[in-house]
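> Predicted structure and sequence below. I'll ask about it afterward.
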Amino acid sequence: MRVVVVGGGWAGCAAALQAKKCGADVILIERTDMLLGLGNVGGIMRNNGRFTAAEELIALGADDLFKIIERCTRHKNIDFPGHKHADLYDVTIIEANIRRYLLSSGIEIKFETRAVDVDVEKNHINAIYLQDGQSIEGDVYIETTGSTGPMGNCIRYGKGCSMCILRCPAYGPRVSLSQRAGVEDILAMRDDGIFGAMSGSCKLDKNSLSEEIRSELDAKGVYITDVPKEDIHPEKLKMKVCQQYALKEFAEKVILLDTGHAKLMTSYYPLENLRKLKGFENVRFIDPYAGGRANSIRYLSMAPRDNTMKVVGLDNLFVGGEKSGLFVGHTEAIVTGTLAGYNAVRSVLGLKCIELPSSLAVGDIIKYENEGKKNKKGLTKRYTFAGSEYFERMKSLGLYITDVEEIKQKVSKLMIDGIFKEKLI
């Protein structure tokens, strides 16, 4: 059996790894020269309900990626406004560690390989076509190409190409394979009716900050200072993808997190204004390069799917990460990608695809998001274990648990502990 995964972000890596663990031959296609995509500028794990989701997935048998993240973590169990017990991994080393693990697991990775079209017949994908005209055939396909780009979308719905980590001008634009196969994309909206949403944070060169700020970041993982009154713009919060950080503190304060670089928790901040702050006199942006003006625009390419992560209307295409819905975050991508990889293999074997139970946060969020985006209001929401509406739902349903043993026992009682370690072939 051959599983073809298109897109090497957190979801694609999780899907490829899970399909390989199930016993399939796996080829992972990535249009850039690096895995992890936005994971290279992310770094936040286990904050709020993401702790529960990570431990549920570990109990289910999908612990591989979390072990690597643990080894690359700079700060553990830190708090910042609205968020508890977060871990911060080092974005400067995480990609190389994940790459080595996937290759050592026997996954074939093709970098700088962009999928641009599909050969589809009677709702069945026979092959995908690459930019150079070659084709790749598989028994089943998993699309985890995200929802940012092509560059024209950032121009149309944002403030232009902000030169982010996705590097569309260098490696070519993302192409929606599900749409090429005849399934119409779903587009997220903002409250004002504009499509898409702006990425929620920037990266600053830590060495361009004062020694005092660097020392505090190294010691505590967090640095917070006031935004001058004339530079407070709460309306920016409505543009953010990451609604878990759309709190007034994130408009009134400059919040930095140490993820190897200094993660600035705002979508953008005019450089001249930022340099007015004490200790920021020499500051410069690393990602996006135009972080003084704008950020990337996301959630413009989601595929309709069922709760097993299979695309509605196609026999052999599964999705994960942002491609699969209004999910925000690395943990959310790993959850959906893992389930997509597992069910992709089951589908080819003729086995019934599984849904994760709603009594677990990892199952409930997949079903809740799928229902939510069926109406216009639902398309303005984002779903994350870390905050906003879904975290409140977790707490109200008793799904938010921080006792690891309790989580293990809960999964064990469902008789699905270790399910993702099963070899199906």
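Thanks, I have it.
> Domains in the chain, by residue range?
Per automatic domain parsing, the domain ranges recorded for the chain read 2-193+297-421, 197-287.
> Show me the shaky parts of this structure.
For the chain, the stretches with pLDDT under 70 are 237-247.
> what are the ranges of the helices in it?
In the chain, the helices defined using DSSP state H lie at 10-21, 50-59, 64-71, 94-104, 151-157, 168-171, 177-180, 211-220, 249-252, 271-274, 330-349, 361-372, 388-396, 404-413.
> Tell me the buried residues in the longest one?
Translated: helix 330-349. Within helix 330-349, the residues that count as buried by 16 or more other CB atoms under 10 Å are 330-348. Quick note: C-beta positions are derived from backbone N, CA and C, even for glycine.
> just the domains of the chain: most buried one?
Most buried of the domains of the chain, by mean neighbour count (mean count of other CB atoms under 10 Å): domain 2-193+297-421, with a mean of 21.
> what's the straight distance from one end of it to the other?
19 Å (CA to CA, to the nearest Å).
> Just put the helices of the chain in TSV and tack on distance to Ala262.
Shown next, in TSV, are the helices of the chain (distance: least, CB to CB, whole Å):
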stretch	distance to Ala262
helix 10-21	22
helix 50-59	21
helix 64-71	20
helix 94-104	16
helix 151-157	24
helix 168-171	25
helix 177-180	36
helix 211-220	6
helix 249-252	15
helix 271-274	11
helix 330-349	19
helix 361-372	30
helix 388-396	24
helix 404-413	31
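> Indicate which one of those is closest to Leu187.
Distance to Leu187, taken as CB to CB, is lowest for helix 151-157 among the helices of the chain, at 9.3 Å.
> Report the distance from the closest one to the chain centre.
Distance of helix 151-157 from the chain centroid (CA atoms, centre = their mean, to the nearest Å) equals 20 Å.
> can you check stretch 33-44 too?
Worked out by CA atoms, centre = their mean, stretch 33-44 lies 9 Å from the chain centre.
> List the contacts of it.
Stretch 33-44 is touched from outside by 7-10, 12-13, 86-91, 94-95, 98-99, 102, 109, 111-112, 146, 148, 164-166, 171, 199, 201, 203, 257, 259-261, 263, 287, 329-330, 333, 386, with contacts defined as CB atoms under 8 Å, 6 or more residues apart in numbering.
> show me the contacts for Leu264.
By CB under 8 Å, 6+ apart, the neighbours of Leu264 are Ser201, Cys202, Lys203, Leu204, Val254, Ile255, Leu256, Gly291.
> and the gap between the residue lying closest to Ala14 once chain neighbours are set aside and Lys374?
Nearest non-adjacent residue to Ala14, counting by CB to CB, 6 or more residues apart in numbering: Gly337, 3.3 Å away. Per CB to CB, to the nearest Å, Gly337 is found 23 Å from Lys374.
> now Leu271
In terms of CB to CB, Leu271 sits 41 Å off from Lys374.
> and if you look at Leu314?
On the measure of CB to CB, Leu314 and Lys374 end up 19 Å apart.
> ditto for Met415
For Met415, the distance to Lys374 - CB to CB - is 31 Å.
> now swap in Asn343 and tell me
According to CB to CB, Asn343 and Lys374 sit 22 Å apart.
> go on, Val335?
Using CB to CB, Val335 is found at 21 Å from Lys374.
> cool, Ile297 as well?
Shown here: Ile297 relative to Lys374, a distance of 23 Å by CB to CB.
> what's the first-to-last distance across stretch 36-48?
Using CA to CA, the two ends of stretch 36-48 sit 22 Å apart.
> Nearest spatial neighbour of Gly23, chain-adjacent residues omitted?
Gly23 sits nearest to Ile425 (CB to CB, 6+ apart), 3.0 Å away.
> looking at it, that neighbour is touching Leu351, isn't it?
No. At 10.9 Å, Ile425 and Leu351 do not qualify as touching, with contact defined as CB atoms under 8 Å.
> Beta-bridge partners for the nearest residue to Lys310 once chain neighbours are set aside, please?
The shortest distance from Lys310 to any non-neighbouring residue, by CB to CB, 6+ apart, is to Phe318 (5.3 Å). Assessed by DSSP bridges, Phe318 has beta-bridge partners Ile142, Lys310.
> Wait, Phe318 touches Asp306, no?
No. Phe318 is beyond contact range of Asp306, at 9.8 Å (criterion: CB under 8 Å).
> Could you export the contacts of Leu264 to JSON lines, including columns for distance to Ile69?
Shown next, in JSON lines, are these (distance: CB to CB, whole Å):
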{"residue": "Ser201", "distance to Ile69": "18"}
{"residue": "Cys202", "distance to Ile69": "22"}
{"residue": "Lys203", "distance to Ile69": "18"}
{"residue": "Leu204", "distance to Ile69": "22"}
{"residue": "Val254", "distance to Ile69": "26"}
{"residue": "Ile255", "distance to Ile69": "22"}
{"residue": "Leu256", "distance to Ile69": "21"}
{"residue": "Gly291", "distance to Ile69": "25"}
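> Let's see which of those residues end up in strands.
Taking DSSP state E as the definition of strands, the contacts of Leu264 contribute Cys202, Lys203, Leu204, Val254, Ile255, Leu256.
> Leu57: which of these is nearest?
Nearest to Leu57 among the ones in strands among the contacts of Leu264, with distances taken as CB to CB, is Lys203, at 26.7 Å.
> contacting residues for that closest one?
Lys203 touches Val41, Val91, Thr259, His261, Ala262, Lys263, Leu264, Phe285, Ile286, Asp287, Gly291, counting by CB under 8 Å, 6+ apart.
> Then Tyr269?
The contact partners of Tyr269, taken as CB under 8 Å, 6+ apart, are Cys202, Val254, Gly291, Gly292.
> The same query, at a cut-off of 7 Å, please.
Cys202, Gly292 (CB atoms under 7 Å, 6 or more residues apart in numbering).
> And Ala262, by the same measure?
Leu204, Lys206, Leu209, Leu217, Leu256.
> what bridges to it?
Beta-bridge partners recorded for Ala262 (DSSP bridges): Leu204, Asp258.
> ok, it to Ala86 distance?
Taking CB to CB, one finds Ala262 at 15 Å from Ala86.
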